[in-house]
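J.: Need a 3D model of the sequence below.
(chains A, B, C and D, ligands or ions: 4)
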There are 2 protein chains.
Amino acid sequence: MEEHEGLFRSYLDSRSLKMTRPRKIILEAVFAIHEHFDVDILYDRIRKKHRDVSRATIYRTLPLLVESGLIKQSLRCQAKDHYEHIFGHKQHLHFICNRCGRIFEVDSSGIEQDLRKLASGTGFRIEEINIEANGLCSDCGK
Amino acid sequence: MEEHEGLFRSYLDSRSLKMTRPRKIILEAVFAIHEHFDVDILYDRIRKKHRDVSRATIYRTLPLLVESGLIKQSLRCQAKDHYEHIFGHKQHLHFICNRCGRIFEVDSSGIEQDLRKLASGTGFRIEEINIEANGLCSDCGK
DNA sequence: ATTAATATTGAGACTCATTATCAAAATACC
DNA sequence: GGTATTTTGATAATGAGTCTCAATATTAAT
Ligand SMILES: [Zn+2]
Ligand SMILES: [Zn+2]
Ligand SMILES: [Zn+2]
Ligand SMILES: [Zn+2]
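T.: Ligands and ions are numbered 1, 2, ... in the order given. Okay, the predicted model is just below:
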């Protein structure tokens, strides 16, 4: 059993939820993707192998994966929410090129630490951080 | 004529667009609001004074204000896009409470400076920064 | 293994923010 | 004025995300 599966199982247990077949398929599909993804991308990949997982269940399962700390909602792009892994990935921020659309990931641990310090000063309890900058990548900015 | 009006006028001119009555009403309503706003908030405020500005025109005018650099699309909250002024406002980041929906603004100059330093190391030229953290505010986190 | 209690599912209806359409009205230029 | 071009308001359409519900799956107890 892969580690992310074990983690998801214990999250489900802790909430007396069940590791069902559709949830397992979704979990595996999510961790077979190594870029940012939206529901449609995920749905298409799952449907290539399994006819019996519905969009509704994907929409229901993603919040569980977020809640369990395995993934996060990271960007909004073309009017769709996009997700990415947390488990097995370092915290990072996104530089998004306005010209070519590429997304660059950069380590954000230092900045996030400062942000948490700022928050604790105000009494705000941070659950999730999103940092992004739009502009021109080094190729497009010449 | 207020400064933001002059700036919007020259933007419109530069694109051979016209400063019409509805656009002027919308511009003024936008700059009479000093918090984050969404289309509904704006529409309600405008409607108190003017019966003849439609939602459609608001949806059409906001991108013009963004393009002209007067406002920006700053966050997404309760499934709605929210906007805020750029013109005349200091850079800041957002703490968004997941429970009550309130948005807290915190000075972000220190963090943005670090971010720009990070970017210059990678050759990325930043045009816009968005930093936000979701979680529980001090009231809701008790 | 049966049963009963509970959780989950897929299908499709629904919501609601945003966009597109289009005929009528406003505007700019002659 | 008249004409070409924009812009507008009303309304229809779109589409991501949510909700409903009867049918199915899971679990734990017998
Ligand atoms: Zn680029
Ligand atoms: Zn990422
Ligand atoms: Zn709160
Ligand atoms: Zn703000």
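J.: for chain B, what are the nearby residues on chain A?
T.: Remark: the part of chain A in contact with chain B comprises A:76, A:93, A:95, A:97-98, A:104, A:106, A:110-111, A:114-115, A:118-119, A:122-138, A:141, using C-beta under 8 Å from any C-beta of the partner chain. Every residue, glycine included, has its C-beta placed from N, CA and C.
J.: ok, of those, which come out buried?
T.: When neighbours are counted using 16 or more other C-beta atoms under 10 Å in any protein chain shown, the residues of chain A next to chain B contain these buried positions: A:93, A:95, A:97, A:104, A:106, A:111, A:115, A:118-119, A:124-126, A:129-133, A:135-137.
J.: Let me see the contact set for residue A:11.
T.: Neighbouring residues of residue A:11 by C-beta atoms under 8 Å, 6 or more residues apart in numbering or on different chains: A:17, A:64, A:67-69.
J.: one step back: just the ones of the buried ones among the residues of chain A next to chain B in strands?
T.: Assignment to strands by DSSP state E places the following of those there: A:93, A:95, A:97, A:104, A:106, A:125-126, A:129-133, A:135-136.
J.: As a markdown table, those with pLDDT would be great.
T.: Supplementary listing: those in a markdown table, determined by pLDDT from 0 to 100:
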| residue | pLDDT |
| --- | --- |
| A:93 | 95 |
| A:95 | 92 |
| A:97 | 85 |
| A:104 | 91 |
| A:106 | 94 |
| A:125 | 93 |
| A:126 | 93 |
| A:129 | 93 |
| A:130 | 93 |
| A:131 | 95 |
| A:132 | 93 |
| A:133 | 92 |
| A:135 | 88 |
| A:136 | 88 |
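J.: Please identify which pair of those lies farthest apart.
T.: Distance extremes for those: the farthest pair is A:125 and A:136 at 35.7 Å, using C-beta to C-beta.
J.: Can you give me the domain boundaries for chain A?
T.: In terms of domains, chain A is parsed into A:3-85, A:92-135 (source: automatic domain parsing).
J.: What parts of chain A come near ligand 2?
T.: Within chain A, the positions lying close to ligand 2 (C-beta under 5 Å from the ion) are A:84, A:105.
J.: May I have the secondary structure class of the spatially most central residue of chain A?
T.: Averaging the C-alpha coordinates of chain A gives a centre point, and the residue nearest to it by C-alpha atoms, centre = their mean is residue A:84 (2.5 Å). Each residue gets one of three states, and residue A:84 gets strand by DSSP: H, G, I helix; E, B strand; the rest coil.
J.: quick check, nearest of the contacts of residue A:11 to DNA strand C?
T.: Of all those, DNA strand C sits closest to residue A:17, with 3.4 Å by C-beta to the nearest atom of the strand.
J.: And the residue of chain A that's closest to DNA strand D?
T.: For chain A, the residue closest to DNA strand D is residue A:81, as judged by C-beta to the nearest atom of the strand, at 3.5 Å.
J.: Thought residue A:73 was touching that residue, still the case?
T.: Yes. With contacts counted by C-beta atoms under 8 Å, residue A:81 reaches residue A:73, the gap being 5.5 Å.
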